[in-house]
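Requesting a structural model of the entry that follows:
(2 chains)
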There are 2 protein chains.
Amino acid sequence: MRLSRYFLPTLKEDPAEAEVVSHRLMLRAGLIRQSAAGIYSWLPFGYRALRNIEQIVREEQDLAGAQEMLMPTLQPAELWRESGRYEDYGKELLRIEDRRDRDLLYGPTNEELITDIFRHTVRSHKDLPKMLYHIQWKFRDEMRPRFGVVRGREFLMKDNYSFDLDRAGARRSYNAMFIAYLRTFARMGLKSIPMQADSGPIGGDMSHEFIILAQTGESEVFYQRELEDLDILGETVDYAADLQPLVDRWTGYYAATDEKHDPEACPVPAAELRSGRGIEVGHIFYFGTKYTKSMKAAVQGPDGEAMFPEMGSYGIGISRLVAAIIEACHDEAGIIWPDSVAPYQVGLINLRVDDGECTAAADKLYAALTVAGVSVLYDDRDERAGAKFSTMDLIGLPWQVAVGPRGLKAGVVEVKNRATGAREELAPEAALAKFGG
Amino acid sequence: MRLSRYFLPTLKEDPAEAEVVSHRLMLRAGLIRQSAAGIYSWLPFGYRALRNIEQIVREEQDLAGAQEMLMPTLQPAELWRESGRYEDYGKELLRIEDRRDRDLLYGPTNEELITDIFRHTVRSHKDLPKMLYHIQWKFRDEMRPRFGVVRGREFLMKDNYSFDLDRAGARRSYNAMFIAYLRTFARMGLKSIPMQADSGPIGGDMSHEFIILAQTGESEVFYQRELEDLDILGETVDYAADLQPLVDRWTGYYAATDEKHDPEACPVPAAELRSGRGIEVGHIFYFGTKYTKSMKAAVQGPDGEAMFPEMGSYGIGISRLVAAIIEACHDEAGIIWPDSVAPYQVGLINLRVDDGECTAAADKLYAALTVAGVSVLYDDRDERAGAKFSTMDLIGLPWQVAVGPRGLKAGVVEVKNRATGAREELAPEAALAKFGG
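Below you'll find the model as predicted:
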């Protein structure tokens, strides 16, 4: 994509309303624009990051055996009356009346709707287990939306719902999601730490929040040093096998948010305890037969008896992840995208658009990289070199390739790694080869 | 995907509420389920078709030079008050009040919102032209939602908005979309015919509806015979060149919906006139400075003066297209998916799951096809052969491959083309090779 044609409205100044670094950088680098309080439009550059994140989430859900579908944003209120949540949910539930005075609501979550679909379509224990997920916009009418998409009102979430015949099956589904979440965040270049969370009235140990470590994170977290060294992508995961030993390896170490951490009662010696800041990006939760019973979603068991499936739900905040990644990956100059989610892999800079030779060389490299399947944002604007370098640092693509008259005389272009700052001079062909061309 | 694990709730009986064939087949083949009047959940099988269609639309929009972004579903009412449409739009506009008594609405279209983004980010004529599109759920509070997703309330639409400096530029954008639409529908295996539509108060010839021919379509259309022979995919399209001659080739022939067709005044001799039924799936529309002027979205022109960009909008009903494709592509037995949008390419049938050899052969073919990157839905259920063939015909995958004990003794499997009904017996390796394995 040529930057001269691209819709990338960057800002020179820090926007006054942005309190946190991710919000500031998302506005400055032209990722989003607020359309109403807590409601954002995703501009082309931000939308590419959002879709890359969404795709990683999707691939890992599919790999773990979940099936993608799509529920609507609006739901009939009657389902929430059945479960008892229509009144309980409070003012964060956006209630809507249609032209025929029927009560609708903008779904903040989908337990009722998926249970409704399930009870009308699944009849037999033989159809279980099932894990069904969707990636859809949700709405939570926050009293004080803030921090950009970290706490927005309209937000994109992946929510998955599992249906199993018994608690042992529910644990298998839970474990599959536990591992899938570790893999999902690791693939985004993030260090995630699962922390035991309140499990509600059911009790038990099947509720975890996944926290991303980020210096500028919203809350303080405490965890055992060893968790930093665990690497899920180094493991061979077989979702058909028993995942409990692998899950136990993570849950065997101490980890707690500041709300739960009690320094007096902490079982870990001070030398082994780490503290840091983090952002919650996922939550997995087993809640048994709460919805299947209240909504009468029974299946026929092996002996013909009615059985109420055990459910769990598993959420990932996809729009929030864009901000979380930026909180975890940035410096003074701007964003530093991990490769896997970067909107483009390479930022190509033509340092002198008024120099015919320089422009020809940059155009040629742009064409060659594009043909090779490398995603390139090509700064072909008539701007000063300094402004171009600043923009590239701000928008944070993993690699920068600068083409200028001086380098070309020596037969080289300059390649810079955004994360490390390391630079090297390469012949254009070598730069092309470096990126797989 | 193994059908024994897949969430595909097919129906044996025709649902009483379905008046048109696409609605009936979408319910029977487990594509969708109604969650409220005119509001549907997309089950995994239907969602795959929806996403395939969305991807073709996206690729053709990008090819034509449009840039993808994403606007939210909810919009502030104040923007619609500015344009004057808040009152004008009537009861189809779903009005919402949030917890702080602010007026929101569920966007049925996005002219106001994109113009608002534009006026805050684009300052100079040098930033034009721009074509910005998104693929997002919309809501239109139909008094009588019917025909399934053909006239639903919550629907998925691609809408694109072009901004140009002058009318000549607007025509270039319009022409690019005209050609992109022809290509988009042709890639889905559909015959689309552009028909001149009302252009509103501006007048002129820049408003076309794109109608898909389908025997069971909602309205009657009339067109010159030659339009059937035109093939946009046989043309080399260069979006950087002048597209007017190519557009003229299509618009040079007569085409009209029954509302506009006057047999007395029709310029085409009867022998050249065709009539048929069709479904509207797209609309492209030039509306000049209607929104840029009312919302004060000026840019600085070449001489420093304020200029109001000329706009057009270009919509494709993506969820509606799933139904339109089924209206155009089905027979008595069920759906006949065009290859490019089929949820899976191959339906593999194990005719005897209780036969070890047969199951081993089917499993092996399933694994080999999957490794070769062919998308396969594998019927490994313990069901009668007749039921399996009926299900496969109903769900309409382009190819069926049946593996049974009798064929295996002769060293063959049976390959059937769903569209033509043609069958051939092939060695498993030859079947694999046929699908690119």
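
quick one, helices of chain A?
For chain A, applying DSSP state H gives helices covering A:21-28, A:44-63, A:77-83, A:85-88, A:111-121, A:167-187, A:244-251, A:290-294, A:318-328, A:356-371, A:385-395, A:405-409, A:428-434.

quick one: contacts for A:Leu321?
If you count contacts by C-beta atoms under 8 Å, 6 or more residues apart in numbering or on different chains, A:Leu321 has them with A:Ile53, A:Met188, A:Val281. (C-beta placed from N, C-alpha, C; glycine too.)

switch the cut-off to 7 Å
The neighbourhood of A:Leu321, defined by C-beta atoms under 7 Å, 6 or more residues apart in numbering or on different chains, consists of A:Ile53, A:Val281.

Compute the distance between it and A:Trp137, please.
In this structure, A:Leu321 and A:Trp137 are 14 Å apart, going by C-beta to C-beta, to the nearest Å.

next one: A:Ala422
Distance of A:Ala422 to A:Trp137, computed by C-beta to C-beta: 40 Å.

One more: A:Arg187?
With distances defined as C-beta to C-beta, the gap from A:Arg187 to A:Trp137 amounts to 23 Å.

repeat for A:Thr10
26 Å.

and the two? which has more neighbours close in?
When A:Thr10 and A:Trp137 are compared for neighbours, A:Trp137 comes out ahead with 19 against 16, by other C-beta atoms under 10 Å in any protein chain shown.

Am I right that the more buried one is in contact with A:Leu156?
Yes - A contact is recorded between A:Trp137 and A:Leu156 when judged using C-beta atoms under 7 Å, the distance being 5.5 Å.

Show me which residues of the stretch 51-200 of chain A sit near chain B.
A:67-76, A:91, A:94, A:96, A:98-99, A:104, A:113, A:117, A:121, A:130, A:132, A:137, A:141, A:143, A:154 (C-beta under 7 Å from any C-beta of the partner chain).

Tell me which of the residues you listed fall in strands.
Among those, the residues falling in strands (DSSP state E) are A:Gln67, A:Glu68, A:Leu74, A:Gln75, A:Pro76, A:Leu94, A:Ile96, A:Leu104, A:Lys130, A:Leu132, A:Trp137, A:Glu154.

just these now: which is nearest A:Asp164?
A:Lys130 (8.3 Å; C-beta to C-beta).

list the contacts for the closest one?
For A:Lys130, the contact set (C-beta under 7 Å, 6+ apart) comprises A:Phe163, B:Phe7.

partner residues bridging it?
Applying DSSP bridges to A:Lys130 gives these bridge partners: A:Phe163.

per-residue confidence at it?
At A:Lys130, the pLDDT value in this model is 98.

Repeat that for the one 10 residues further on.
Among the per-residue scores, A:Arg140 holds a pLDDT of 97.

Repeat that for the one 3 residues further on.
Listed pLDDT for A:Met143 reads 92.

coming back round to it: buried ones among the ones in strands among the residues of the stretch 51-200 of chain A next to chain B?
Burial of these was assessed by neighbour count (16 or more other C-beta atoms under 10 Å in any protein chain shown); the buried members are A:Gln67, A:Glu68, A:Leu74, A:Gln75, A:Pro76, A:Leu94, A:Ile96, A:Leu104, A:Lys130, A:Leu132, A:Trp137, A:Glu154.

Spatially, what comes nearest to the third one if we skip its sequence neighbours?
Put plainly, it is A:Leu74. Residue nearest to A:Leu74 in three dimensions, not counting chain neighbours: A:Leu104, with 4.9 Å by C-beta to C-beta, 6 or more residues apart in numbering or on different chains.

Quick one: neighbours of the residue in the stretch 201-350 of chain A positioned nearest to chain B, just the number.
The shortest separation between the stretch 201-350 of chain A and chain B is 9.8 Å, found at A:Ser319 (distances taken as C-beta to the nearest C-beta). Using other C-beta under 10 Å, A:Ser319 has 25 neighbouring residues.

what's the answer for A:Asp354, then?
Other residues within reach of A:Asp354 by the criterion other C-beta under 10 Å amount to 8.

Tell me who's in contact with the closest residue to chain B within the stretch 101-250 of chain A.
For the stretch 101-250 of chain A, the residue positioned closest to chain B under C-beta to the nearest C-beta is A:Thr121, at a distance of 3.7 Å. For A:Thr121, the residues meeting the contact criterion (C-beta under 7 Å, 6+ apart) are B:Pro9.

distance of it from A:Met157?
Distance from A:Thr121 to A:Met157, by C-beta to C-beta: 23 Å.

related to what we said a few turns ago, before we move on, what's the pLDDT of the residue of the stretch 101-250 of chain A closest to chain B?
According to the prediction, A:Thr121 has pLDDT 97.
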